[in-house]
Each structure stands twice: as C-alpha cells, then as structure tokens.
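[1] have a look at this prediction, sequence included:
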Amino acid sequence: MKFLPKADSSTNSYFVNISDGEPCFYYNNTQTGISFNYRDKQACEHTRKQVKMIKESGYNIISYFVTDYDTFGLEVIRNNFKTMYGSDSHFINVENLNQIVKTVNGKMMEAIDI
C-alpha cells in the first residue's frame, strides 16, 4: 500500500490486477521448524480487505483472472475471485487478451465527461 501513488480526487485512478489464480504462499524452514501456509479462505479474506483499502484510498479496481485452464466453470474459484475483487472482476481466456484492452478502454470512456 505504501508504494501506491496517492489518488487525486480530480482524476480517475485505476488499480489493474492481472492474476492467474487465487493468492497462495507456502513457507517451510526445516532448520527452524517454522512453516506458514497462506491460502484458501484466509488469503481470500486478506486480499478482499487490501482491495477495500485500495478502493477507500480513491482507486477504481479492475481485476482479471487470466488462464488457459478450463476453470471458468468452477464456481468456487469464480466466487472467491469476485469476493476478493468485487464487481469489476473479469474472467479472461489467455487466448483472448484483447478483452483486457476492451474493458480498460470502456472504463476510460466512462470517465470522459462529454
């Protein structure tokens, strides 16, 4: 969070996330016996809170789940992603990345005051 530039209320600021799945991290140090497993509900809830803080700091969020796997039908993955990133979550097949340009362009057009 400390590395994000401050959003200015006179401009539209966007945080664009491109992801290949849910957040996860596993650490296991056999010398110290310290291990840590960050995934599933814990990781999704933490990500959701971070996204909320980014929104509250003045950013619009656009998030893409990009994959070549046939995961678009798996409701758990879709629901977790929508829980983390909200209504501007998009599911994109890696072979159709122009969808990213299309949605970002749409957001920019919405911001134009004509």
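    Sure thing, it's come through. Numbering: from 1, shown residues only.
[2] go through this structure and flag its longest helix.
    helix 40-56 (DSSP state H).
[3] show me what that helix is packed up against.
    strand 59-67, helix 75-85 (3 or more Cβ pairs under 8 Å, 6 or more residues apart in numbering; DSSP states H and E). Any C-beta I mention is one placed from the backbone N, CA and C, and that applies to glycine too.
[4] of the ones you listed, which stretch is the most buried?
    Highest mean neighbour count among the helices and strands packed on helix 40-56 (mean count of other Cβ atoms under 10 Å): strand 59-67, with a mean of 19.
[5] so Asp68 is in contact with Asn96, correct?
    No: with contact defined as Cβ atoms under 8 Å, Asp68 does not count as touching Asn96 (10.4 Å).
[6] what helix or strand is Tyr27 on?
    strand 25-29 (DSSP states H and E).
[7] element containing Lys102?
    Element membership for Lys102, per DSSP H and E: helix 98-111.
[8] pull out the buried positions in that helix.
    Neighbour-count burial for helix 98-111, counted by 16 or more other Cβ atoms under 10 Å, picks out 100, 103.
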